[in-house]
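coordinates only, sequence not included:
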């Protein structure tokens, strides 16, 4: 399977805390993307990091990429109840296909 | 931003019937669309790549005669689940690639939940 792994599978934190999710992938990539999915809904693109980048920020999001370890992490700072959702990484290689990780279900308690 | 719609958002059908799901790019043209399925509490699995004016490319293990894909225009791709069975119940999500976008950016539809009784 080309699918990557995310950990943790589920994460429950209090509002205001930081949430860190990790993702590993198996193939060489051009970029790695993170998406958010609210329950029973479609995906929302959060951030993309290219293979030659090591870290990227967007608002309260911080993504890191370690191509030597084939891993990435997503940090959400100062979490809010509205951040409650499932988060997926998706690796994009030479083709335009996205290979999704298994996802982390984040619950932010008010 | 680019908007992708799906219709219907949910459908319930009897075993043995066929169900058609539409994926539309509303404000852009998409020569390439993708169909994914997602089982409960699992990730998205790519089923096939839909190309306007040509046959779809199916991923390994996906039955092309069961999941018929038609990309007849630059804004519409359809997925028909033929002779649906309960094991086909799933959340089907499409995405559309924006032509000329960096990194072959895809925009996702809201998904269609199929329940086969």
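Structure's in. What do you need? Remember, predicted model here, so these are calculated numbers, not experimental data.

List, one by one, the residues from chain A near chain B.
Counting by CB under 8 Å from any CB of the partner chain, the residues of chain A close to chain B are A:3, A:30-31, A:35, A:40-45, A:48, A:50, A:88, A:92, A:96-103, A:105. Heads up, the C-betas are built off the backbone N, CA and C, glycines and all.

Would you show me how to pick out the buried ones of those residues in PyMOL?
Here is the PyMOL selection string for the buried members of the residues of chain A next to chain B, based on 16 or more other CB atoms under 10 Å in any protein chain shown:
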select buried, chain A and resi 3+30+31+35+41+42+43+45+48+88+92+97+98+99+100+101+102+103+105
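
In helices, which of the residues of chain A next to chain B appear?
Within the residues of chain A next to chain B, no residue falls in helices by DSSP state H.

Now, the residues of chain A next to chain B that are in strands?
A:31, A:35, A:43-45, A:48, A:50, A:88, A:92, A:98-100, A:105 (DSSP state E).

quick check, nearest of those residues to residue B:10?
residue A:43 (17.3 Å; CB to CB).

Who does that closest one form a beta bridge with?
Here residue A:43 sits in beta bridges with residue A:37, as judged by DSSP bridges.

The one 4 residues further on now?
Beta-bridge pairing of residue A:47 under DSSP bridges involves residue A:34.

contacting residues around it?
Neighbouring residues of residue A:47 by CB atoms under 8 Å, 6 or more residues apart in numbering or on different chains: A:33-34, A:56, A:58, A:61, A:63, A:74.

repeat that with 7 Å
A:34, A:56, A:58, A:61, A:63 (CB atoms under 7 Å, 6 or more residues apart in numbering or on different chains).

ok, now which ones touch residue 8?
Using chain A here. residue A:104.

actually it's chain B I care about, not the one you picked
Taking CB under 7 Å, 6+ apart, one finds residue B:112 in contact with residue B:8.

again with residue A:60
So residue A:60 contacts A:76-78 (CB under 7 Å, 6+ apart).

if you average pLDDT over stretch A:67-80, what comes out?
Averaged across stretch A:67-80, the pLDDT comes to 96.

before we move on, what about stretch B:36-55?
Stretch B:36-55 shows a mean pLDDT of 91.

Is there any residue in it that contacts chain A?
Yes: contact between stretch B:36-55 and chain A, assessed by CB under 7 Å from any CB of the partner chain, occurs at B:43-44, B:46.

Next, the buried residues of that stretch.
B:36-38, B:43-50, B:52.

and the two most separated of the residues you listed?
B:43 and B:52 (27.0 Å).

Setting aside sequence neighbours, what's the nearest residue to residue 23?
By default, I'm working from chain A. Distances taken as CB to CB, 6 or more residues apart in numbering or on different chains place residue A:89 nearest to residue A:23, at 3.5 Å, with adjacent residues excluded.

Oops, wrong one, chain B.
residue B:94 (3.4 Å).

and that neighbour, what are its bridge partners?
residue B:35.

rewinding a little: which among the contacts of residue A:60 end up buried?
residue A:76.

Nearest to chain B among the contacts of residue A:60?
For the contacts of residue A:60, the closest approach to chain B (CB to the nearest CB) belongs to residue A:76, at 19.3 Å.

so how far is residue B:112 from the residue nearest to residue B:23?
8 Å (CB to CB, to the nearest Å).

before we move on, what about residue B:81?
Applying CB to CB to residue B:81 and residue B:112 gives a distance of 10 Å.

what do you get for residue A:24?
Distance from residue A:24 to residue B:112, by CB to CB: 30 Å.
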